[in-house]
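Undergrad: Any chance you could fold what I've pasted below:
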Amino acid sequence: MADINLKGLGVALITPFKEDGSVDYETLTKLVDYQLQSGTDYLVVLGTTAETPTLTEEEKDRIVEQVVAQVHGRIPLVLGLGGNCTRVIVDKLHTGCFEGINAILSVVPYYNKPSQEGIYQHYKAISAATSLPVVLYNVPGRTGVNMTAATTLRIARDCPNVIAVKEASGNISQMDDIIKNKPANFNVISGDDGIAFPLITLGAIGVISVIGNAFPREFGRMIRLALAGDYESARSIHHRFTELFSLLFVDGNPAGVKSMLHAMGYIENKLRLPLVPTRLTTFEQIRQVLQQLHIRC
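TA: Numbers count the residues shown, from 1 in each chain. Take a look at the predicted model:
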């Protein structure tokens, strides 16, 4: 298993679409350049924020190939590869091409609502199917089931190539329990921009971010300051983003960040059904907060 450093700011890339609904590969190139030039520590491709369930297999393959070629090893790339059929994921890991991919991010199985033993066996099978590092992704608000701290720690101890968990349960006590009792070679990554700062103060190593699509330099600076122990400076930046954190998700993800990027002139404000853009009132609030942030930044 190759070493990978997931400390700092990881950005869950959006998928830009043209007005006709097709993938805007040219704009995707510009967005990746923006991240590379802004000092983002690593990128997550085909995560939730990418609207991956609405992409065809051909589109997914082309996006991955394009991002891998463009990044060209300059920063790590994490590929979202999850689902609710263990066998399908294992088959993909056995047969897929992962050249240029440094780790896999795999979400807790959704809709099926497996038991904790089922979650454990699911990840054990994934771990055995690949030599790549694996990052668990616990997001019960989307999956319908919470992976408990005990299950997370059990997987971490039994599966050597499972190196971290992206925690988006919203349960600080659960996250703290994992940080307190984890093996030395296992880390906790915030899956929520709004709690990234407090979670780092407890021992998390960073965040896989949505807002980083729009503000990689500013948000990345906050993460690095917090990791360096300069909590006062990091807290100041955290508070500047507080209003945007709530606006990002009031109409769903990635509708909020796409509205933000549209207001900044980067992309068309286009999503694929069943997702739709934010309400006009939300968009106006986002635009106003962005104007205030630009004055301050």
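
Undergrad: give the contact list for residue 134.
TA: Neighbouring residues of residue 134 by C-beta atoms under 8 Å, 6 or more residues apart in numbering: 103, 104, 106, 123, 126, 127, 159, 161, 162, 163. Quick note: C-beta positions are derived from backbone N, CA and C, even for glycine.

Undergrad: Apply the buried test to the residues you listed and list what passes.
TA: Among the contacts of residue 134, those classed as buried by 16 or more other C-beta atoms under 10 Å are 103, 104, 106, 123, 126, 127, 159, 161, 162, 163.

Undergrad: and those residues as TSV, adding pLDDT?
TA: Shown next, in TSV, are the buried ones among the contacts of residue 134 (pLDDT from 0 to 100):
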residue	pLDDT
103	98
104	98
106	98
123	98
126	98
127	98
159	98
161	97
162	98
163	98
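
Undergrad: quick one: which of those residues sit in helices?
TA: If you go by DSSP state H, those have 123, 126, 127 in helices.

Undergrad: Nearest to residue 51 among these?
TA: residue 126 (22.9 Å; C-beta to C-beta).

Undergrad: Surely the closest one and residue 88 touch.
TA: No: counting by C-beta atoms under 8 Å, residue 88 is not a contact partner of residue 126; they are 10.9 Å apart.

Undergrad: Can you pull the residues that touch both of those two?
TA: Taking C-beta under 8 Å, 6+ apart as the contact rule, residue 126 and residue 88 have no neighbour in common.

Undergrad: Now stretch 66-86: average pLDDT?
TA: For stretch 66-86, mean pLDDT rounds to 98.

Undergrad: how far does it sit from the chain's center?
TA: 11 Å (C-alpha atoms, centre = their mean, to the nearest Å).

Undergrad: ok so, going back, as JSON lines, the contacts of residue 134 with distance to residue 211 would be great.
TA: Formatted as JSON lines, the contacts of residue 134 follow (distance: C-beta to C-beta, whole Å):
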{"residue": "103", "distance to residue 211": "22"}
{"residue": "104", "distance to residue 211": "24"}
{"residue": "106", "distance to residue 211": "23"}
{"residue": "123", "distance to residue 211": "28"}
{"residue": "126", "distance to residue 211": "29"}
{"residue": "127", "distance to residue 211": "31"}
{"residue": "159", "distance to residue 211": "31"}
{"residue": "161", "distance to residue 211": "30"}
{"residue": "162", "distance to residue 211": "27"}
{"residue": "163", "distance to residue 211": "24"}
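
Undergrad: can you give me the strands for the stretch 51-200 of the chain?
TA: Per DSSP state E, counting those that start in this stretch, the stretch 51-200 of the chain carries strands over the ranges 77-80, 103-107, 134-138, 162-167, 187-190.

Undergrad: Take the ones you listed and lay them out in CSV including distance to residue 32.
TA: CSV is the format used below for those (distance: least, C-beta to C-beta, whole Å):
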stretch, distance to residue 32
strand 77-80, 10
strand 103-107, 17
strand 134-138, 20
strand 162-167, 21
strand 187-190, 21
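
Undergrad: which non-adjacent residue is nearest residue 167?
TA: Once flanking residues are discounted, residue 167 sits nearest to residue 175: 4.9 Å by C-beta to C-beta, 6 or more residues apart in numbering.

Undergrad: From the structure, what's the count of residues near that neighbour?
TA: By other C-beta atoms under 10 Å, the residues close to residue 175 number 27.

Undergrad: The one 5 residues further on now?
TA: Neighbour count for residue 180, taken as other C-beta under 10 Å: 11.

Undergrad: So it versus residue 83, what's the distance?
TA: 31 Å (C-beta to C-beta, to the nearest Å).

Undergrad: again, but for residue 210
TA: 21 Å.

Undergrad: ok, so of the buried ones among the contacts of residue 134, who is nearest residue 240?
TA: The closest of the buried ones among the contacts of residue 134, once distances to residue 240 are taken by C-beta to C-beta, is residue 103, at 30.6 Å.

Undergrad: Touching, the closest one and residue 132? I think so.
TA: Yes: applying C-beta under 8 Å, one finds residue 103 in contact with residue 132, separated by 5.9 Å.

Undergrad: Let me see the contact set for residue 62.
TA: Applying C-beta under 8 Å, 6+ apart, the residues contacting residue 62 are 23, 25.

Undergrad: Right, I'll leave it there.
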